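this one's sequence-less:
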C-alpha cells in the first residue's frame, strides 16, 4: 500500500511540482535582481555615509528575504522604504516557498531510500537478487575487495536489511523499473542467490537484455536444471544440490577432508602453498603432514603427479606440494 502511495505521489510531483519549482526559482531570482537594482538607485548613499554598490545592495536584499536583518544596512528615504516593502513581501514569500520545495525534495528522497524505492547512483557494482545469509557473506567479501553491491528484495521488510548498512532496492527482480533503480545498466555483475531456477533464468535473461555486458552468476537449486541454466545466457551456474551433496558425502566418508574444506572457506587469513622435501624412500602414508595441510601434487624430476594415494612410493628428491590454510592467531 505504501509503495502504491509513493508511486502515485511521485507521478503527481513529476507532473506538477517540477514546473512549480522552476517557477519559484525564477521568481526568487527576479526578486533578488530587481530588488538589488532598485535599492542601488533608491539609496545611492547609505546612512553610514558609505557609497552604495551593487554588491552591498545584493547583500541587503539577501539578508532581508532570509529574515536575518542585521540592521547594518537599512533604507533611509521614502523610495528606498517602498523598495523594502516590495522585497520583504515578495522576497520572503518566494524564499519560504523555495525552502519548502527543497526540504520536501530531501525528505521525499530519504523516505524513498528508507523504503527501498530510490535509484542507486552506483557504477561497476554487483546487483544481487535475494537476501540471505549467503548473500550477506557475498556482500562482505565484495566490500573487502572494494566492490559495491545492491540487493533486490521484495519478500521482506527492506528496512531491516538497510539497517545493516546494505544498499537495498525493493521490487520485483523481473521488473524493468526495479532493475533500472538497481542500476543494472551500469552494473558489473548480476547475481541470483538461492532463488527458484525459473526465476533465476527469467531474471538473468532480463538483466542481459538491459545490459549485454553484465556478468551473470546464479545458483541452481535443482541439478536437472543445470544444463538449461547454462544455455540461458548465465555465465556461471553454481549447482547447490551437487555441492551440498558432495559436502555431506565427504563428511561421512572423510570427515577430515570436509573439515579442511570448511576451514579453507571460513578462514579469514587465507591459504598458502607449501613444499615438503622427501629425503628417503617411503610410502606416502609415512609422510608427516600438519593437520592444516592437504597434499595436492607430487613434484618429481620436473613433472607434477596429481593422482596418488597413501600407498604411492616417494623417493629422495621428490617434493610434495600441499595446500595450507593460515589460522588466525
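Perfect, I can see it now. Please read these numbers as outputs of a predicted model, since none were measured by experiment.

ok, and the closest non-adjacent residue to residue 47?
What sits nearest to residue 47 in space, not counting adjacent residues and going by C-beta to C-beta, 6 or more residues apart in numbering, is residue 76, at 4.6 Å. C-beta coordinates here come from the backbone N, C-alpha and C atoms, glycine included.

in terms of contact, does residue 236 touch residue 226 like I think?
No - here residue 236 lies out of contact with residue 226, judged by C-beta atoms under 8 Å, at a distance of 11.7 Å.

more crowded one of those two?
residue 226 (16 against 13; other C-beta atoms under 10 Å).

so that one sits right up against residue 237, yeah?
Yes - with contact taken as C-beta under 8 Å, residue 226 and residue 237 are classed as touching, separated by 6.1 Å.

if we can go back for a sec, the residue nearest to residue 47 touches residue 49, doesn't it?
No - applying C-beta under 8 Å as the test, residue 76 and residue 49 come out as separate, 11.1 Å apart.

Would you mind telling me which of those two has more residues around it?
It is residue 76, of residue 76 and residue 49, that has more neighbours when counted by other C-beta under 10 Å, with 13 against 6.

Name all residues that make contact with the more buried one.
Applying C-beta atoms under 8 Å, 6 or more residues apart in numbering, one finds that residue 76 lies in contact with 43, 46-47.

Any chance of TSV for those, columns neighbour count, distance to residue 187 and pLDDT?
Written out in TSV, the entries for the contacts of residue 76 read as follows (neighbours: other C-beta atoms under 10 Å; distance: C-beta to C-beta, whole Å; pLDDT from 0 to 100):
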residue	neighbour count	distance to residue 187	pLDDT
43	23	59	89
46	19	59	87
47	13	63	83
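
Tell me which of those residues fall in strands.
By the criterion of DSSP state E, membership of the contacts of residue 76 in strands covers no residue at all.

Can you list the low-confidence ranges for this protein?
1-18, 103-117, 155-159, 241-273, 325-329 (pLDDT under 70).

That one: strands as residue ranges?
Assigned by DSSP E, the chain shows strands spanning 126-129, 149-153, 168-170, 189-192, 215-220, 236-239, 271-277, 282-283, 293-300, 303-305, 313-314, 319-325.

one step back: what's the overlap in contacts for residue 226 and residue 237?
Counting by C-beta under 8 Å, 6+ apart, the contacts common to residue 226 and residue 237 are residue 220.

how far out from the middle of the chain is stretch 201-210?
Distance of stretch 201-210 from the chain centroid (C-alpha atoms, centre = their mean, to the nearest Å) equals 19 Å.
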